[in-house]
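Trainee: What shape does this take:
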Amino acid sequence: NNNNNTNTNRNYYTCGMALFYIGYDFHRGRFLYLEDLFIEEEYRANGHGSTIMSALALLATTLGCTGGFVWQALDWNTPALNFYHKIGARIEDGLLTTRFAGDGL
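Mentor: Residues are numbered from 1 along each chain as shown. A predicted model of the protein is given here:
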C-alpha cells in the first residue's frame, strides 16, 4: 500500500521561467516587477505564458502590491507585445531606458 501522494505516471518538465522581484514606488507603493519571461519555443501557444502571468498577478494581489504588476517590453518584440495585449495588459507610452555604463560609471 503506497500512501504517498506522488503520481509516478506524470511527466514534469520545465517549459519556461519568470524572473521577478518586489519593488517599491513612493507614489504607488509596492509592486511586482517581471524582469524576464521566457517560454521554450515548442511550448508557446499552449497557455504556459498565460498561466505564469496569472500566477504572478495572483501573487501581486496576495502581497498587496498597490503599485501593480509591471514589466517592460522591447518595441520590436511583436510576439511578446501581441501576447501582452491578448492577456489584457495596458501598454504605456513614454518610458525611455537610461543607464550609466563603462567609463560613465
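
Trainee: from here on, contacts and neighbour counts on C-alpha atoms
Mentor: Noted.

Trainee: Give me the below-cutoff pLDDT ranges for this protein.
Mentor: The model of the chain has pLDDT under 70 over residues 1-8.

Trainee: Could you look up the SS state of the spatially most central residue of it?
Mentor: Residue closest to the mean C-alpha point of the chain, counted by C-alpha atoms, centre = their mean, is residue 34 at 4.4 Å. Of the three states, residue 34 takes strand under DSSP: H, G, I helix; E, B strand; the rest coil.

Trainee: in this protein, which spans are helices?
Mentor: With helices called from DSSP state H, the chain shows them at 48-62, 78-86.

Trainee: Could you export those as a markdown table, including mean neighbour count?
Mentor: Listed next are the helices of the chain as a markdown table, based on neighbours: other C-alpha atoms under 10 Å:
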| stretch | mean neighbour count |
| --- | --- |
| helix 48-62 | 15 |
| helix 78-86 | 13 |
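
Trainee: Let's have those helices in JSON lines, adding distance to residue 101.
Mentor: JSON lines is the format used below for the helices of the chain (distance: least, C-alpha to C-alpha, whole Å):
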{"stretch": "helix 48-62", "distance to residue 101": "31"}
{"stretch": "helix 78-86", "distance to residue 101": "27"}
